[in-house]
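Q: pasting the sequence and the predicted coordinates here, then a few questions.
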Amino acid sequence: MVSDKLVVKQPGEWSVGVVGAGFIVRDCHLVAYRNAGIFPRAITSKRVEQARETALQHSIEHVHDSVEAMLDANFFDVIDIAVPPTAQPGIIRRILEHPNRPRGILAQKPLAMSLEEAKEIVSACRRAKVALQVNQNMRYDKSVRGLKELLDQGRLGDPVLATIEMRAIPHWMPWSQGSRSLATFIMSIHHLDTFRFWLGEPVRVMASTRKDPRTTFDHFDGINLYILEFDGNARASAWDDVWTGPAREGAGSDMSIRWRFEGTRGLACGTISWPSWPERVPSTLDYTTVEDGGAWHRPRWPEAWFPDAFAGPMMGLLNALQTGREPDISGRDNVRTIALCEAVLRSAREHRVTVPRIGSVADQPDIESDSDEHSPGH
């Protein structure tokens, strides 16, 4: 079973500072934290006026002009960073260089926009003895987590096939323009990380992509299709369709995210509620096993991915600080998700099977890169 609870210290007893004051902080992080009993004490942002507005809305006592000023003023157990991934590594370095650095950092996904920079950040946090957690919050969606518990219990038998079908239209933020990756590092990363959460590490990747007709700025990866192969014959596949038909151009709309998991002794199906945002719609989970005689179980809950799941990674980091263990979605773990994103990009660009090879990140930062000798063309 996967625990979301703190062991001893109460959430409100932790000192938390926030870097960033945009939509994801204002409407997701701080809402979810408040509901979990976590009340950040200070905030800073590139736009200080925006930080002041967010602080007023969420009763945050202190607003600072910079990361350094915030760290100068107080010691924090945790700094929660919510800035674009291109800016995030620099913010983390500034925090680590400060003499009043925190015990833990909660970073946004992706940790960085390249495997090399992600490895560098993980190594820097390790040297500074600062715990690093990455906000891959889809793992804390109730539907995704419910399936993980079924798998841990062996209820569905051996994994056979897992699929995620996304038909939804993301809102690409301005910082996404000009990036080396659009859909893979911003959208597909959720599903790639979820497959790792459910099934472990893929051994081979086959991917195809095309540009999204609606996205006007230049990009390589818009609509992503990929297949992941795992040891033991398990397979996973996703259709990350950010076009979904001309729904914004006058046609009818049919948007959803649906997943399905087939095992040798059971079947589970679910929905992810994000396309309904800002309407608060909980995700769903339905499952049946050979022991059930054809009956279906349909557990339900009031929480939705947006915003409720955003409390999970923070609670996971606080749990790690409380117990002295590695965070459940550590920077070291997220390097593996980024390596998988890189393998998807290479497969799509080069029209071949790729192998996500990351080596050991436990004792040293160097991670092997994929090479042609491992993968025949397809």
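A: Looks like it arrived, so ask away.

Q: for the rest of this, base every contact and every neighbour count on C-alpha atoms.
A: OK.

Q: got the contact list for the residue lying closest to R101 once chain neighbours are set aside?
A: Nearest non-adjacent residue to R101, counting by CA to CA, 6 or more residues apart in numbering: I95, 5.9 Å away. Shown in contact with I95 (CA atoms under 8 Å, 6 or more residues apart in numbering): V67, E68, L71, R101, P102.

Q: how near is the first one to M315?
A: In this structure, V67 lies at 23 Å from M315, with CA to CA, to the nearest Å as the measure.

Q: in helices only, show me the contacts of I95.
A: Counting by DSSP state H, those place V67, E68, L71 in helices.

Q: by neighbours, which of those wins?
A: For those, the largest number of neighbours (other CA atoms under 10 Å) sits with V67, at 22 neighbours.

Q: residues in contact with it?
A: V67 neighbours (CA under 8 Å, 6+ apart): V19, T44, S45, I91, R94, I95.

Q: count the neighbours of the first one for me.
A: This points to V19. 24.

Q: mind checking how far it is from Q177?
A: Taking CA to CA, one finds V19 at 22 Å from Q177.

Q: any weak-confidence spans in the stretch 1-150 of the chain?
A: 1-8 (pLDDT under 70).

Q: where do the helices sit along it?
A: 23, 30-35, 48-58, 67-73, 88-97, 115-128, 142-152 (DSSP state H, counting those that start in this stretch).

Q: and what of the stretch 251-378 of the chain?
A: Counting by DSSP H, counting those that start in this stretch, the stretch 251-378 of the chain has helices at residues 305-308, 311-323, 331-350.

Q: rewinding a little: so which of the ones in helices among the contacts of I95 comes closest to S253?
A: V67 (42.8 Å; CA to CA).

Q: got a list of what the nearest residue in space to E117 that is not next to it in sequence touches?
A: Nearest residue to E117, sequence neighbours excluded (CA to CA, 6+ apart): P89, at 7.6 Å. Applying CA under 8 Å, 6+ apart, we find P89 in contact with L111, A112, E117, I121.

Q: which of the residues you listed count as buried?
A: When these are checked for burial by 16 or more other CA atoms under 10 Å, the buried set is L111, A112, I121.

Q: mind listing residues that contact stretch 219-227?
A: 177-184, 188, 205-212, 235-243, 344-345.

Q: chain center to that stretch, what's the gap?
A: Put simply, stretch 219-227 sits 18 Å off its chain's centre (CA atoms, centre = their mean, to the nearest Å).

Q: start and end of that stretch, how far apart?
A: 22 Å.

Q: do the same with stretch 318-332
A: End-to-end distance of stretch 318-332: 17 Å, with CA to CA as the criterion.

Q: repeat that for stretch 174-190.
A: Note: stretch 174-190 ends 20 Å apart using CA to CA.

Q: so which of the helices of the stretch 251-378 of the chain is nearest I81?
A: Using CA to CA, the nearest of the helices of the stretch 251-378 of the chain to I81 is helix 311-323, at 11.1 Å.

Q: list the buried residues for that closest one?
A: A311, G312, P313, M314, M315, G316, L317, L318, N319, A320, L321.

Q: what's the burial count for A128?
A: Neighbour count of A128, defined by other CA under 10 Å: 14.

Q: wait, it sits on L96?
A: Yes - A128 is within contact range of L96, at 6.7 Å (criterion: CA atoms under 8 Å).

Q: tell me which residue of the chain is furthest from the middle?
A: For the chain, the residue at maximal distance from the C-alpha centroid (CA atoms, centre = their mean) is G293, at 36.3 Å.

Q: look at that one and report its pLDDT.
A: Looking at G293, its pLDDT reads 91.

Q: equivalent analysis for S273, please.
A: Reading off the model, S273 has pLDDT 89.

Q: and the strands in this structure, which stretches?
A: Ranges of strands in the chain, per DSSP state E, are 16-19, 42-44, 62-64, 78-81, 104-108, 131-135, 159-167, 204-210, 223-229, 235-241, 256-263, 266-272, 284-289.

Q: let me know which of these is tucked in deepest.
A: Ranked by mean neighbour count, those are led by strand 131-135 with a mean of 28 (mean count of other CA atoms under 10 Å).

Q: that one vs helix 88-97, what angle?
A: 160 degrees (axes from the mean of the first three to the mean of the last three CA atoms, to 10 degrees).

Q: now do strand 131-135: which elements does it pack against?
A: Packed against strand 131-135 by the contact rule (3 or more CA pairs under 8 Å, 6 or more residues apart in numbering; DSSP states H and E) you find strand 104-108, helix 115-128, helix 311-323, helix 331-350.

Q: these: which one's closest to L192?
A: With CA to CA, the closest approach to L192 among the helices and strands packed on strand 131-135 belongs to helix 331-350: 6.8 Å.

Q: how about the closest one, which residues are buried there?
A: 331-348.

Q: now the angle between strand 204-210 and it, please.
A: Our comparison of helix 331-350 with strand 204-210, counting by the same axes, to 10 degrees, yields an angle of 60 degrees.

Q: what's the distance between R47 and V83?
A: 12 Å.

Q: looking at those two, which one has more neighbours?
A: The neighbour count for R47 versus V83, taken as other CA under 10 Å, is higher for V83 (22 against 13).

Q: could you find the closest non-adjacent residue to the more buried one?
A: G20 (5.6 Å).

Q: got it, and D193?
A: Once flanking residues are discounted, D193 sits nearest to T337: 5.6 Å by CA to CA, 6+ apart.

Q: got the contact list for the one you found?
A: By CA under 8 Å, 6+ apart, the neighbours of T337 are I189, L192, D193, R196.

Q: any idea how far A234 is from it?
A: According to CA to CA, T337 stands 18 Å off from A234.

Q: done for today, thanks.
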